[in-house]
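**Student:** For reference, the sequence and a predicted model appear below.
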Amino acid sequence: MSLHSSLPPIVWELSGDPCETQEIALSGIKNDTEAFIICSRGDEFLQATCNGPENYHCEISFVNGKNRELYMAPKALDYSQLHDLFSRYAAGEDLSRLNREWTLDVNKTRYIPTIIVVLAIIAVLAAIIFQSMN
């Protein structure tokens with residue numbers, strides 16, 4: 001059994017619309033600052049936006065147990081690098097090493113505990129204010 005047959009199928013999207021092929025998706029984002037591209041496989045995905053000519057911001061999401069982790073490329077990619085990265089991802093190459101090379105987006109993965117802490121602090125302050133008024 002080959003590696004490719006055991007992988008979930010690839011789904012391509014360009015600015016939220018399904019794309020039939022990788023080439024259509026990649027050509028649609030080339031130098032288009034309004035476009036974004038998503039290549040997903042199962043619960044994981046690789047996505048990019050165009051910041052300007054030959055300047056692309058890239059993120060990759062890995063599922064780690066019950067948690068989803070989102071990693072951002074440490075620097076902008078040019079179109080050639082973007083094309084190569086998406087081609088390798090679509091071909092089934094294991095890109096898990098990127099979780100050591102790219103930056104974990106703590107804000108997107110840890111926002112729920114932060115919200116809970118802030119709400120708890122507000123509740124304590126409200127209780128103190130309410131008691132001091134009586």
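**Tutor:** Yep, it's here. Residues are numbered from 1 along each chain as shown.

**Student:** shaky segments in the protein?
**Tutor:** In the predicted model, the chain carries pLDDT under 70 at residues 1-5, 106-120, 134.

**Student:** how about the helices in it?
**Tutor:** 3-6, 22-29, 79-90, 98-101, 106-109, 111-133 (DSSP state H).

**Student:** Okay, buried residues for the fourth one please.
**Tutor:** Burial within helix 98-101, assessed by neighbour count using 16 or more other C-beta atoms under 10 Å, is assigned to residue 98. All C-beta spots, glycine's among them, are computed from the backbone N, C-alpha and C.

**Student:** And for the third one?
**Tutor:** Buried residues in helix 79-90, counted by 16+ other C-beta under 10 Å: 79, 82, 83, 85, 86, 89, 90.

**Student:** Can you add distance to residue 43 and give those residues back as a markdown table?
**Tutor:** Below are the buried residues of helix 79-90 laid out as a markdown table (distance: C-beta to C-beta, whole Å):
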| residue | distance to residue 43 |
| --- | --- |
| 79 | 28 |
| 82 | 22 |
| 83 | 24 |
| 85 | 19 |
| 86 | 18 |
| 89 | 14 |
| 90 | 16 |
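
**Student:** Now flag whichever of those is closest to residue 123.
**Tutor:** Each of those was checked against residue 123 using C-beta to C-beta; the closest is residue 89, at 43.9 Å.
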